[in-house]
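J.: Okay, structure incoming, though there's no sequence with it:
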């Protein structure tokens, strides 16, 4: 015996341009029918909350599924899966949109990893619940609410991945702590007993970025805070975020942010005379 609730939607082309468009959502539990073999033209995230089963993907290998787990179904990939005779509890979301390419590039969607062990499903289930609450055909905000919840779902699934905690790996935490020091990527790697290639692989796996970009994002974000909240000269800001050459910092800032540091400060207009930004609330 099994229980199934599902809704399907047809977002307009304008809603697709929001980045992510929800095509359907469902909640199912019990001894569910086997799915497939089939191939989809969109993405589906299947969240296995309790129970166990199996999945067979394009390479023909059958893999055991044990909750909590995520099954990624990606466009053009044959798949076949089902619960064990005792059944399982699952939630699923069908979605598409141009943002799926970027989420895949950043490692949030993993076509080459159809089965992902999770630490728990509380966060992803909360995002799916928001889609379920929006899923009334008389809801004029349905497509936008569901699309917004889809972004939350992808972040929640990334945080729940069993191979990386919600705060990242110890290496990421150390990189963030030392990001403002004038160290090269090779020097960061040596601090952790890693080769630069090993550090690149670890950071790419965890964040979707190279170590250089990961550090640069932290440095420039802190530089923006100093420019907006203090009267420190640009050269002093550069030194505080790890750049001894203020001219190089200004060129880098302008190239990445799209405006020079001085102009960024002028547009913000929130500086304080003591040179110290207020602590976070």
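T.: Looks like it came in fine. For clarity, every value in this text was computed on a predicted model and none was experimentally measured.
J.: need the strands for the stretch 51-200 of the chain, in chain order.
T.: In the stretch 51-200 of the chain, the segments counted as strands under DSSP state E, counting those that start in this stretch are 62-66, 69-73, 79-96, 115-117.
J.: Nearest to residue 231 among the ones you listed would be which one?
T.: Judged by C-beta to C-beta, the one of these that comes nearest to residue 231 is strand 79-96, at 46.4 Å. (Each C-beta comes from the backbone N, C-alpha and C, glycine too.)
J.: So which other helices or strands are in contact with the closest one?
T.: strand 2-8, strand 21-30, strand 35-38, strand 43-56, helix 122-134, helix 142-159 (3 or more C-beta pairs under 8 Å, 6 or more residues apart in numbering; DSSP states H and E).
J.: Next secondary structure after the first one?
T.: When you say that, I think you mean strand 2-8. Once strand 2-8 ends, the next helix or strand along the chain (criterion: DSSP states H and E) is helix 13-16.
J.: quick one: average confidence on that next one?
T.: For helix 13-16, mean pLDDT is 94.
J.: what does stretch 124-141 give?
T.: In the prediction, stretch 124-141 has an average pLDDT of 95.
J.: Now do the buried residues in it.
T.: Within stretch 124-141, the residues that qualify as buried are 124, 125, 127, 128, 130, 131, 132, 134, 135, counting by 16 or more other C-beta atoms under 10 Å.
J.: Relative to the whole chain's centre, how far out is that stretch?
T.: 20 Å (C-alpha atoms, centre = their mean, to the nearest Å).
J.: likewise stretch 169-187?
T.: Averaging C-alpha positions (C-alpha atoms, centre = their mean) puts stretch 169-187 21 Å from its chain's average.
J.: Start and end of it, how far apart?
T.: 18 Å (C-alpha to C-alpha, to the nearest Å).
J.: Flag every buried residue along that stretch.
T.: The neighbour-count check on stretch 169-187 (16+ other C-beta under 10 Å) flags 169, 171, 172, 175, 179, 180, 183, 185 as buried.
J.: and of those, the nearest to residue 5?
T.: Compare each of the buried residues of stretch 169-187 with residue 5 using C-beta to C-beta and the shortest gap goes to residue 169, at 37.6 Å.
J.: Near the nearest residue to that closest one once chain neighbours are set aside, how many other residues are there?
T.: Leaving aside its chain neighbours, residue 169 sits nearest to residue 206 (5.6 Å; criterion: C-beta to C-beta, 6 or more residues apart in numbering). Close neighbours of residue 206, defined as other C-beta atoms under 10 Å, add up to 20.
J.: From residue 267, how far out is residue 206?
T.: 33 Å (C-beta to C-beta, to the nearest Å).
J.: The residue nearest to residue 169 reaches residue 172, doesn't it?
T.: Yes. Applying C-beta atoms under 8 Å, one finds residue 206 in contact with residue 172, separated by 5.6 Å.
J.: count of residues packed around the residue lying closest to residue 127 once chain neighbours are set aside?
T.: Take residue 127 and drop its neighbours on the chain: the residue closest to it by C-beta to C-beta, 6+ apart is residue 153, 3.8 Å away. Each residue near residue 153 was counted by other C-beta under 10 Å, and the total is 27.
J.: Run through the residues that contact residue 153.
T.: 45, 93, 124, 127, 128, 131 (C-beta atoms under 8 Å, 6 or more residues apart in numbering).
J.: For the residues you listed, give me CSV that also has distance to residue 69.
T.: Shown next, in CSV, are the contacts of residue 153 (distance: C-beta to C-beta, whole Å):
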residue, distance to residue 69
45, 11
93, 15
124, 11
127, 17
128, 15
131, 20
